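>>> Here's my sequence, what's the structure:
(one chain, ligands or ions: 2)
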Amino acid sequence: MTVSTPAPLETLSPETLSLTTETDLAPRRGRLIVFTGPSGVGKGTLLRALRHRYPALKLSVSATTRSPRPGEVNGQDYYFVSRDEFRAMVEQGELLEWAEFAGNLYGTPKTPVLKEIEAGQWVILEIELEGARQVRTTFPHALQLFVLPPSLEELESRIRLRGKDADDAIQRRLQRALVEIDAASEFDEQIVNDDLEVALQQLENAIFRD
Ligand SMILES: Nc1nc2c(ncn2[C@@H]2O[C@H](COP(=O)(O)OP(=O)(O)O)[C@@H](O)[C@H]2O)c(=O)[nH]1
Ligand SMILES: Nc1ncnc2c1ncn2[C@@H]1O[C@H](COP(=O)(O)OP(=O)(O)O)[C@@H](O)[C@H]1O
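Ligands and ions are numbered 1, 2, ... in the order given. Predicted structure coming up:
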């Protein structure tokens, strides 16, 4: 009886992948994808749409000292922790990377990500620039994608229209956006999030192409 071995994930088309259950793809190589971009550019929006199409993609849940926004759920959107708890995670080597951003601490719990990768899953880290730089040294093969706004004006309008950040936080984030946008060329690919559908298609192509 010939047992057909599943095609390696890289050769599967996006259509096939989205129809394939997780067990059919085993064993397969795990993959790390870093997804970075200024606050308000549309990272969360794009990732929600992408994961709706490709439920097999995993999204790492970060730890943060930022207070939850309305509607955010602890353990789902973030692990909301105190600064002392966060520092303990750093000291105990529990974070794959971490950084301070706009006055709060953010970091990726290491164990769940490594477990998913070893199980052959594709894991997305939605993290800021300093974290992406750390991952670039520890996981040089990770795909690194940067989302750009169509303009700074549009970025400001989106973060304000979103209505989830206090004015001082918006100012800090817009200031930081200038530094982040300047570093976009460090990433493997830059995606301009102007028309959402077009950006989503570019994101799919970048992830499933190679
Ligand atoms: N380095 C790092 N950055 C993170 C992590 N989780 C979220 N971030 C980034 O921290 C920044 C602020 O995130 P957030 O407060 O949710 O604001 P948003 O970007 O406006 O949604 C964003 O650039 C996130 O990508 C993490 O675990 N590590
Ligand atoms: N392509 C787009 N065109 C217009 N508005 C967008 C687009 N993508 C996202 N938005 C809006 O911009 C705001 C910020 O999006 P969000 O996904 O929260 O950004 P981020 O996660 O990068 O901070 C949200 O109100 C969202 O609905």
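
>>> Run through the strands of this structure in chain order.
31-36, 58-59, 62-64, 78-80, 95-101, 104-109, 122-126, 143-148, 189-192 (DSSP state E).

>>> Including mean pLDDT, distance to Glu72 and mean neighbour count, could these go into TSV?
In this view, the C-beta of every residue, glycine as well, is placed from N, C-alpha and C. TSV is the format used below for those (pLDDT from 0 to 100; distance: least, C-beta to C-beta, whole Å; neighbours: other C-beta atoms under 10 Å):
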stretch	mean pLDDT	distance to Glu72	mean neighbour count
strand 31-36	98	18	23
strand 58-59	98	14	19
strand 62-64	98	10	21
strand 78-80	98	7	17
strand 95-101	98	16	20
strand 104-109	98	13	21
strand 122-126	98	14	22
strand 143-148	98	20	22
strand 189-192	98	24	18
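
>>> beta partners for the most centrally placed residue in the chain?
Against the mean C-alpha coordinate of the chain, by C-alpha atoms, centre = their mean, the closest residue is Glu126 at 2.0 Å. Here Glu126 sits in beta bridges with Phe35, as judged by DSSP bridges.

>>> can you list the residues of this structure near ligand 2?
37, 39-45, 158, 161-162, 193, 196 (C-beta under 6 Å from any ligand atom).

>>> now this structure, which segments are flagged as low pLDDT?
Counting by pLDDT under 70, the chain has low-confidence residues at 1-27, 210.

>>> In it, what residue lies closest to ligand 1?
Closest residue of the chain to ligand 1, C-beta to the nearest ligand atom: Gly131 (2.4 Å).

>>> For the residue lying closest to that residue once chain neighbours are set aside, which residues are in contact?
Closest residue to Gly131 apart from its sequence neighbours, by C-beta to C-beta, 6 or more residues apart in numbering: Glu97 at 4.4 Å. Glu97 makes contact with Gly107, Thr108, Leu125, Ile127, Gly131, Gln134, Val135, Thr138 under the criterion C-beta atoms under 8 Å, 6 or more residues apart in numbering.

>>> Against Gly71, how distant is Glu97?
Distance of Glu97 to Gly71, given as C-beta to C-beta, to the nearest Å: 26 Å.

>>> repeat for Asp168
For Asp168 relative to Gly71 (C-beta to C-beta), the value is 21 Å.

>>> which of those two has more neighbours?
Neighbours were counted for Asp168 and for Gly71 using other C-beta atoms under 10 Å; Asp168 has more, 10 against 7.

>>> Next, the contact list for the more buried one, please.
Contacts of Asp168 (C-beta under 8 Å, 6+ apart): none.

>>> which bits of this structure sit near ligand 1?
39-40, 43-44, 62, 66, 97-99, 101, 106-108, 126-128, 130-131.
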